[in-house]
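S.K.: please find the sequence and the predicted model below.
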Amino acid sequence: MPEKRRPRLTPAVADVRRAVREALPAAGDRSPLALVALSGGPDSLALAAATAFEASRAGWRAGAVIVDHGLQAGSETVADDAADVARELGLDPVSVRRVSVDVTGEGPEASARAARYEALTVAAREAGAEIVLLGHTLDDQAETVLLGLARGSGATSLQGMAPVSIGAGGVNLVRPLLGIRRATTHQACVDADLEPWTDPHNTDPSYSRVRVRERVLPVLEAELGPGIAEALARTAEQAREDSAAFQEQIDEFIEEICEPAEAGIAISAAALAANPAALRQRVIRFVVQSEFGVALSRSQTLDVARLVTDWRGQGPIDLPGLTAHRESGSINFTATDA
């Protein structure tokens, strides 16, 4: 077995280790498995090193999974090198997943992300891992919030990435480094004598995230003062808290105001009218998403809400895969393929 690296304990190394330690759930006496999503870049490499150190102390086993998207020349070598480093760190099991990225209308970034997450969740299920650790940093969070605002995604965009989310198959996706700056992960790699891979896509201005990173955020820092990234990350945290509060309210009374309808579901118009606009619209989006798997846009949600607030006998509203109409004091949602 290769000898584990023993880096000196510096502030950067300590910060990353602390973040991992705080993110690992209590293991009890089960010795569960966590997998690090490792690209070989500085963020995931610092995460892998910290996980290799902290996992056993917290009662966890730790491995790594490397996803080769095949989008760049030499990507196979990069992936294999990252796997070798993971083994040197003492991570086990270590696997490399080769994926084929089919670029859709959402662009190469979104397509690669979808392929990566699918590969990670499949690897986790096959290995029996309970969590997958992702190397997103505070800087990534700030960029995500700004990109969401630019798309006009509303409050959802302000939430950014959650520290813990549920992936396909019920695998927990954990982001321990959302409170850690990118400069800290870079320094942790230097201090641990680790040589990260530099992804050329991270400096390619054809990607919107790179333009936000290299142009937009520096301008905001220069014009508004330092701390913009931290402020955006705090905003994301507060938005998630607000969203959780709204969801709790929805969960409390959703069964009281909904009832089955032919080929769909019905919501009491009076109950919707009695609640503030923000809650009313969230209920509409939640019901449609839960019942039909359709995410309504804001304009579509407002069209449905007008059946409650501005009812003048208007006809059905066509939505993706369903219609909404008012009948007998209810807003009825009906699948169009029924």
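M.R.: Perfect, thanks for sending it.

S.K.: let me see the contact set for residue 233.
M.R.: By CB atoms under 8 Å, 6 or more residues apart in numbering, the residues touching residue 233 are 138, 141, 142, 145, 160, 178, 179. The C-beta positions use only the backbone N, C-alpha and C, and glycine is treated the same way.

S.K.: next: residue 121.
M.R.: With contact set as CB under 8 Å, 6+ apart, residue 121 has these partners: 132, 167, 168, 169, 171.

S.K.: can you give the strand pairings for the host helix or strand of the first one, parallel or anti for each?
M.R.: Take DSSP states H and E as the rule and residue 132 turns out to sit in strand 131-133. Each strand that strand 131-133 pairs with, and the sense of that pairing, follows from DSSP bridges: strand 33-37 (parallel), strand 172-174 (parallel).

S.K.: in JSON lines, list those strands along with mean neighbour count, mean pLDDT and distance to residue 99.
M.R.: Compiled in JSON lines, these are given as follows (neighbours: other CB atoms under 10 Å; pLDDT from 0 to 100; distance: least, CB to CB, whole Å):
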{"stretch": "strand 33-37", "mean neighbour count": "25", "mean pLDDT": "97", "distance to residue 99": "13"}
{"stretch": "strand 172-174", "mean neighbour count": "20", "mean pLDDT": "95", "distance to residue 99": "17"}
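
S.K.: closest to residue 199 out of those?
M.R.: Proximity of the strands paired with strand 131-133 to residue 199 was assessed by CB to CB; the nearest stretch is strand 33-37, lying at 13.9 Å.

S.K.: which residues are in contact with the closest one?
M.R.: When contacts are defined by CB under 8 Å, 6+ apart, strand 33-37 is touched by residues 24, 44, 47-48, 51, 55, 60-65, 67, 86, 91, 116, 120, 123-124, 127-135, 174.

S.K.: switch the cut-off to 6 Å
M.R.: Residues from elsewhere that reach strand 33-37 (CB atoms under 6 Å, 6 or more residues apart in numbering): 47-48, 51, 60-65, 120, 124, 128-129, 131-134.

S.K.: next one: stretch 220-227
M.R.: Counting by CB under 6 Å, 6+ apart, stretch 220-227 makes contact with residue 228, all of which sit outside it.

S.K.: tell me who's in contact with residue 194.
M.R.: By CB under 6 Å, 6+ apart, the contact list for residue 194 reads residue 45.

S.K.: quick one: it and residue 182, what's the gap?
M.R.: 15 Å (CB to CB, to the nearest Å).

S.K.: and what of residue 204?
M.R.: 17 Å.

S.K.: quick one, which of those two is more surrounded?
M.R.: When residue 204 is set against residue 182 and neighbours are counted by other CB atoms under 10 Å, the residue ahead is residue 182, at 19 against 11.

S.K.: tell me the contacts of that one?
M.R.: With contacts defined as CB under 6 Å, 6+ apart, residue 182 is in contact with 137, 139.

S.K.: related to what we said a few turns ago, same list (the contacts of residue 121) but as JSON lines, adding neighbour count and distance to residue 270.
M.R.: Written out in JSON lines, the entries for the contacts of residue 121 read as follows (neighbours: other CB atoms under 10 Å; distance: CB to CB, whole Å):
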{"residue": "132", "neighbour count": "23", "distance to residue 270": "45"}
{"residue": "167", "neighbour count": "17", "distance to residue 270": "39"}
{"residue": "168", "neighbour count": "13", "distance to residue 270": "38"}
{"residue": "169", "neighbour count": "10", "distance to residue 270": "40"}
{"residue": "171", "neighbour count": "21", "distance to residue 270": "41"}
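
S.K.: for this structure, what helix or strand is lowest in average pLDDT?
M.R.: The element with the least model confidence among the helices and strands of the chain, by mean pLDDT, DSSP states H and E, is helix 155-158, at a mean of 76.

S.K.: which is the next helix or strand following that one?
M.R.: Per DSSP H and E, the first helix or strand lying C-terminal to helix 155-158 is strand 164-166.

S.K.: quick check: the residue nearest to the spatial centre of the chain vs residue 84, distance?
M.R.: Among the residues of the chain, the smallest C-alpha distance to the mean C-alpha position (CA atoms, centre = their mean) belongs to residue 161, namely 4.4 Å. From residue 161 across to residue 84, the span is 29 Å (CB to CB).

S.K.: again with residue 229
M.R.: Separation of residue 229 from residue 84 (CB to CB): 33 Å.

S.K.: more crowded one of those two?
M.R.: residue 229 (22 against 13).

S.K.: any idea which helix or strand carries the more buried one?
M.R.: helix 228-257.

S.K.: from the chain's centre, how far out does that helix sit?
M.R.: Its chain's C-alpha centre and that of helix 228-257 lie 15 Å apart, by CA atoms, centre = their mean, to the nearest Å.

S.K.: buried set for that helix?
M.R.: Within helix 228-257, the residues that qualify as buried by neighbour count (16 or more other CB atoms under 10 Å) are 228-229, 232-233, 235-237, 239-240, 243, 246, 250, 254, 257.

S.K.: after that helix comes which helix or strand?
M.R.: Taking DSSP H and E as the definition, the helix or strand that follows helix 228-257 towards the C-terminus is strand 258-261.

S.K.: what sits up against that following strand?
M.R.: Residues outside strand 258-261 that contact it (CB under 6 Å, 6+ apart): 265, 266, 267, 332.
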